[in-house]
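**Q** Sequence and predicted model, in that order:
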Amino acid sequence: MLSSDRPILIIGAGGFIGGRVVEMLQGLLGIPVRASVRRWSSAVRIGRLPVEIVLCDIADADQVRRAMDGVGGVVHCAYGDPAVFVEGTRTVLQAALEAGVDRVVHLSTMEVYGDVEGVVFEDAPLRKTGWSYRDSKIDAELACRSYMDRGLSVSILRPTIVYGPFSRDWTARFAERLVAGGTFPGREDCQGTCNLVYIDDLVAAIVLALDRKEAAGAAFNVNGEERLTWWQYLNDLSRAIGLPPLNGGSSFARRVRCAAVAPVRTTARVVLDRFRDPIMAVYQSSPTAQRLMRGVEGVIRRTPAPAEYRLFTRKVFLPVDKARALLGYRSQFPASRGVALSASWLRHHGFLGVPEGAPAGPL
C-alpha cells in the first residue's frame, strides 16, 4: 500500500516516535510524508527535513480533516490529555473514513493488558484499572474496532518499552539519574522482565503495518526478542555511558527512601499543576526559590518512584509471533546494539556532561 503517489500523514510527528517515523519514511524509504504537529515549536526536530509540516490538533476536527486531505495512509501516534486523546482518536478515524484513506496505523501500548504477568498474546483481554493512561488507550482501541466495523482499514500496534535516541522516559531520564548518582530499586527489586524494543524496530513494524494487507483489522505486539531483566538493562546502560555497574545495595533502605520521598513527589506534582503560573513567577524572580526548587526536584529525580517498583518486579513478556508470521516483522536491534546507539546519542547531545569528541570512559 505504500507508494509515492499519496503522502503518509504522521499525527504526532513532533514526538519521540512520530519524529523517527518521519525521518525513516522520508530519509530512508523516500516515501512522501505530511507531518502534523500540535504546536509549531514541536517541529524543531523534523524541520530540517524536506517534508510538509502542518498544524493539527486532534481536538480540532477541521484541522484534522485538512491534514487528512489527499493522504494514502495515517500513522496515529499523538498523545496528550487522556480525556482529549480518546475523542481526538475518534476524530482522526472519522476523518480517515471520510477521506478514503487506505490504512490507519494506531499506536497503542502493552499497558492495555493490565497488570498481568506471564506470557501475553494479542488475544488476551484488555483490562481497565482506573489508570487514566491505560484506560484511555483501551477506549481508543475500542474506537478503532468500531471504525473497522464501518469499513475503515485499521491496524493496531501495541509496543512495549520503546527506547533509543530521543526517548525521554526510558533513555534520557535513566541516564541523567545515573550520571547524577541517583538510585534505582535494588537488584532483587529489578528482576522483572524489561520488554525493550528499540525505536527503529518499532518504526519497521509501523511500515509493515502500513504496507501489508494482512495487517488490516488486526492488533500486534511489538517487542524485542530478548528477555532482559530491568537490572540487566540499567547496568548495560550504565556501562555504555562510562559508569560502573550499579550497586545492588540494601533493598530495604531504598524502599524506605522511596516511601519518604513519595509524599514530597505527590505534593510537588499537585501544587505545580494547580499553581504553575505563580510558582514560575516566584522561581524566575528569586534565586533562593530557584535553589530550593532545584534541590527538591533533584531529590525527586534521584529517588525511585513507587511505580518503578511495580514495573521493575513485574514478570511479563509479550511475544511477537503474530507480527512475525503475518507481517514478516523481525527485530534488528538486540539490546547490546540499541544501548550502544543510545549512549552515543546521549553523549552527542550532552546528557552525560561530556563535550562531544571527548573521551567518556570505556564502553
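**A** Cool, the structure landed. Numbering: from 1, shown residues only.

**Q** Tell me the helix or strand right after the lowest-mean-pLDDT helix or strand in the chain.
**A** The helix or strand of the chain with the poorest confidence is helix 251-274; it has a mean of 71 (mean pLDDT, DSSP states H and E). Going down the chain from helix 251-274, the next helix or strand is helix 276-285, by DSSP states H and E.

**Q** For residue 253, see how far away the residue most central in space within the chain is.
**A** In the chain, the C-alpha nearest the mean C-alpha coordinate belongs to residue 162, at 5.5 Å (Cα atoms, centre = their mean). Distance, residue 162 to residue 253, by Cβ to Cβ, to the nearest Å: 32 Å. C-beta: built from backbone N, CA, C; applies to glycine.

**Q** domains for the protein, by residue range?
**A** Listed by automatic domain parsing, the domain ranges of the chain are 8-159, 251-312.

**Q** picking that back up, the residue nearest to the centre of the chain pairs with what?
**A** Residue 162 has the following beta-bridge partners by DSSP bridges: residue 197.

**Q** wait, doesn't it sit right on residue 199?
**A** Yes: using Cβ atoms under 8 Å, residue 162 is in contact with residue 199, at 5.8 Å.

**Q** What degree of burial does residue 305 show, as a neighbour count?
**A** 15 (other Cβ atoms under 10 Å).

**Q** thinking it is in contact with residue 259, fair?
**A** No: under the criterion of Cβ under 8 Å, residue 305 makes no contact with residue 259, lying 11.0 Å away.

**Q** Quickly list what's touching both of the two.
**A** Common neighbours of residue 305 and residue 259 are not found (criterion: Cβ atoms under 8 Å, 6 or more residues apart in numbering).

**Q** ok, residue 153 touching residue 217?
**A** Yes: between residue 153 and residue 217 there is a contact under Cβ under 8 Å: 7.3 Å.

**Q** Which one of the two is surrounded by more residues?
**A** Neighbour count, other Cβ under 10 Å: between residue 153 and residue 217, residue 153 has more, with 19 against 14.

**Q** Give me the local confidence score for that one.
**A** Listed pLDDT for residue 153 reads 98.

**Q** Phi first, then psi, for it.
**A** phi -80, psi 110 (degrees, to the nearest 10).

**Q** Give the buried residues for the host helix or strand of residue 201.
**A** Taking DSSP H and E as the criterion, residue 201 maps to helix 199-211. For helix 199-211, a neighbour-count test (16 or more other Cβ atoms under 10 Å) marks 199-211 as buried.

**Q** and which of those residues is nearest residue 141?
**A** residue 209 (14.3 Å; Cβ to Cβ).

**Q** how about that closest one, what does it touch?
**A** With Cβ under 8 Å, 6+ apart, residue 209 has these contacts: 103, 105, 155, 157, 215, 220, 327.

**Q** Tell me which entries of those residues lie within helices.
**A** residue 327 (DSSP state H).

**Q** which pair in the contacts of residue 209 spans the largest distance?
**A** 103 and 220 (13.5 Å).

**Q** Which one's more surrounded, the two?
**A** Neighbours per residue (other Cβ under 10 Å) separate residue 103 from residue 220, with residue 220 holding more: 27 against 23.

**Q** Check whether that one really touches residue 154, as I assumed.
**A** No: look at residue 220 against residue 154 with Cβ under 8 Å: they stay out of range, at 11.9 Å.

**Q** hang on, residue 46 packs against residue 16?
**A** No: using Cβ under 8 Å, residue 46 is not in contact with residue 16, being 11.9 Å away.

**Q** Need the overlap of contacts for these two.
**A** By Cβ under 8 Å, 6+ apart, no residue touches both residue 46 and residue 16.

**Q** Against residue 205, how distant is residue 328?
**A** According to Cβ to Cβ, residue 328 stands 10 Å off from residue 205.

**Q** Oh, that last question was meant for residue 350, not what I typed.
**A** Per Cβ to Cβ, residue 350 is found 31 Å from residue 205.

**Q** again, but for residue 178
**A** On the measure of Cβ to Cβ, residue 178 and residue 205 end up 29 Å apart.

**Q** pLDDT averaged over whatever helix or strand residue 237 lives in, what's the number?
**A** Per DSSP H and E, residue 237 falls inside helix 230-240. For helix 230-240, mean pLDDT is 97.

**Q** For it, name the packing helices and strands.
**A** helix 173-179, strand 193-194, helix 335-348 (3 or more Cβ pairs under 8 Å, 6 or more residues apart in numbering; DSSP states H and E).

**Q** of all those, which gets the most neighbours per residue?
**A** strand 193-194 (a mean of 24; mean count of other Cβ atoms under 10 Å).

**Q** what's that one in contact with?
**A** 161, 227-230, 232-233, 312, 314-317.

**Q** residues shared between the contacts of residue 103 and residue 220?
**A** 155, 209.

**Q** how near is the nearest residue to residue 13 once chain neighbours are set aside to residue 288?
**A** Leaving aside its chain neighbours, residue 13 sits nearest to residue 35 (3.6 Å; criterion: Cβ to Cβ, 6 or more residues apart in numbering). According to Cβ to Cβ, residue 35 and residue 288 sit 43 Å apart.

**Q** same deal with residue 311?
**A** According to Cβ to Cβ, residue 311 and residue 288 sit 36 Å apart.

**Q** do residue 168 as well
**A** The separation that residue 168 has from residue 288, given Cβ to Cβ, amounts to 29 Å.

**Q** picking that back up, packed most tightly, which of the domains of the chain would that be?
**A** Among those, domain 8-159 has the highest mean neighbour count (mean count of other Cβ under 10 Å), at a mean of 19.
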